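*Asks:* Here is the input, now give the coordinates:
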Amino acid sequence: MRLPPRLASHHLAWAVVAWLAGCAAPQPDRLTLEPVPYSDLPGWQADHAAAALPALRESCAQAPALSTAAKATGIAEAEMDAGWRRACAAVSGVPAGDDAAFRRMLEEQFQPYAVGNNARRDGLMTGYFEPEFAGSRVADGQMRAPLLARPNDLVEADLAGRTIVGRLQDGAVVPYWDRAQIEAGALGNQAKPIAFLASPIDVFFLQIQGSGRVLLGDGEVLRVGFDGRNGRPYVPIGRVLVERGRLLRSEVTMQSIRAWLEQHPQEADEVMAQNPSYVFFRVIDGLAAGDGPIGALGVKLTPGRSIAVDRAHIPLGLPVWVETTDPLDASALRRLMLAQDTGGAIKGPVRGDIFFGWGADAALRAGAMQQPGRLTLLLPRRTSP
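*Replies:* Numbering: from 1, shown residues only. Coordinates of the predicted model:
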């Protein structure tokens, strides 16, 4: 069955999480939700909660799919939907910057639920950011690595609840070309470049993040975002470099992987080809310089307040209380965030990927973020207070 191509935000987190994802789980992932009081949320009173108000208003423009949470709690989805509408009506009346008023509204309208994976609370938090790369709309002597648009022959089909990505061949959907084949020219004229970057390494890292800013020579900034992938499994090349003895596992960060690739240009293409996943992009118009990229929810992401989750377990759009540690100084990072994005490497109920924004500091924090953490989901109450 051929279906229309679907647009979605995407990014692929870094990581050492690959080792966790590769370990055999004792049982399949299963979302468990346990109601808890707000007094159980460490740092709840200290958070500058109103900083998340714009992100929640963005979420209120969308209707979250609450079926997974309804099943995990035994609450009827229709009741949650009604609670969401009441909560969003209350959100509209909260003054900007008023932490106390915003916190009071949340406590009245939302019930906290401790998120577990088969009741196990501890999970992994990583980070991502919107990178900036020098580029050009046309290829020249310096900018020659193409950033490809979605190919015309890329199709998606839903089969038994699974999304199959491929291409049509003799009336059947077959696997799409992998990274090495695409780099070797397998697409032909099926995909057009939307921009050119300085090197394939730049393109690779932009694909990892899923969105970015291309700084054109005339001062113009071209915003680009995820517009599909080839459906091949994501293989973290940090793991490949460790297995080959090129990096120590303790050294694996975004920065160390990039440095290794740049220092070994003769091997870089072959190493990157070990990740067969390939991401395609589109130009995103209408975003101001101070706007974040568009996430899977279809809204602008807010630095430090938007988080990517596994939408198979956590409904997009809802508030999430995040407990983890700062990647740079190990201080407590306890903050209200909004589930507004997804990622190919973000799998499981207790799994989050924090959007840190753009610029050098965001890149540093996102690259170092591989911390243990916990999530508490705020679900709309069934009845008004």
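*Asks:* For the stretch 1-150 of the chain, give me the ranges with low pLDDT.
*Replies:* Within the stretch 1-150 of the chain, the ranges that satisfy pLDDT under 70 run 1-26.
*Asks:* what about 50?
*Replies:* In the prediction, the stretch 1-150 of the chain carries residues with pLDDT under 50 at positions 1-25.
*Asks:* Give me the distance between stretch 261-269 and the centre of its chain.
*Replies:* Taking CA atoms, centre = their mean, to the nearest Å, one finds the center of stretch 261-269 at 27 Å from the center of the full chain.
*Asks:* again with stretch 227-235
*Replies:* For stretch 227-235, the distance to the chain centre is 14 Å (CA atoms, centre = their mean).
*Asks:* Any idea how far apart the tips of that stretch sit?
*Replies:* 20 Å (CA to CA, to the nearest Å).
*Asks:* Which positions in that stretch come out as buried?
*Replies:* Within stretch 227-235, the residues that qualify as buried are 227-232, 234, counting by 16 or more other CB atoms under 10 Å. Bear in mind the C-beta positions are built from the backbone N, C-alpha and C, glycine included.
*Asks:* which among those residues gets closest to residue 132?
*Replies:* Comparing the buried residues of stretch 227-235 against residue 132 with CB to CB places residue 227 closest, at 19.2 Å.
*Asks:* Could I get the full set of helices for the chain?
*Replies:* In the chain, the helices defined using DSSP state H lie at 17-22, 53-60, 67-73, 77-91, 99-109, 179-183, 200-209, 237-243, 254-263, 265-272, 360-368.
*Asks:* Could you double-check that residue 334 lies in contact with residue 45?
*Replies:* No: contact criterion CB atoms under 8 Å: residue 334 and residue 45 do not qualify, at 10.4 Å.
*Asks:* Between the two, which is the more surrounded one?
*Replies:* Set residue 334 next to residue 45 and count neighbours by other CB atoms under 10 Å: residue 334 wins out with 18 against 12.
*Asks:* Now do the contacts for that one.
*Replies:* Going by CB atoms under 8 Å, 6 or more residues apart in numbering, residue 334 touches 41-44, 46-47, 321-324.
*Asks:* Quick one: closest of the helices of the chain to residue 133.
*Replies:* Using CB to CB, the nearest of these to residue 133 is helix 200-209, at 4.9 Å.
*Asks:* circling back to that earlier point, quick one: the helices of the chain as TSV, columns for distance to residue 121 and mean neighbour count too.
*Replies:* Listed next are those as TSV, based on distance: least, CB to CB, whole Å; neighbours: other CB atoms under 10 Å:
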stretch	distance to residue 121	mean neighbour count
helix 17-22	15	16
helix 53-60	24	21
helix 67-73	14	18
helix 77-91	22	17
helix 99-109	21	17
helix 179-183	36	18
helix 200-209	28	22
helix 237-243	26	20
helix 254-263	27	17
helix 265-272	36	14
helix 360-368	23	18
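*Asks:* I'd like these written out as CSV, with distance to residue 192 added.
*Replies:* What follows is the helices of the chain, written out as CSV (distance: least, CB to CB, whole Å):
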stretch, distance to residue 192
helix 17-22, 32
helix 53-60, 31
helix 67-73, 38
helix 77-91, 40
helix 99-109, 45
helix 179-183, 14
helix 200-209, 15
helix 237-243, 27
helix 254-263, 26
helix 265-272, 22
helix 360-368, 29
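*Asks:* give me phi/psi at the residue sitting furthest away from the middle of the chain?
*Replies:* Largest separation from the mean C-alpha position in the chain: residue 170, at 34.9 Å (CA atoms, centre = their mean). When read as degrees, to the nearest 10, the backbone of residue 170 gives phi 50, psi 40.
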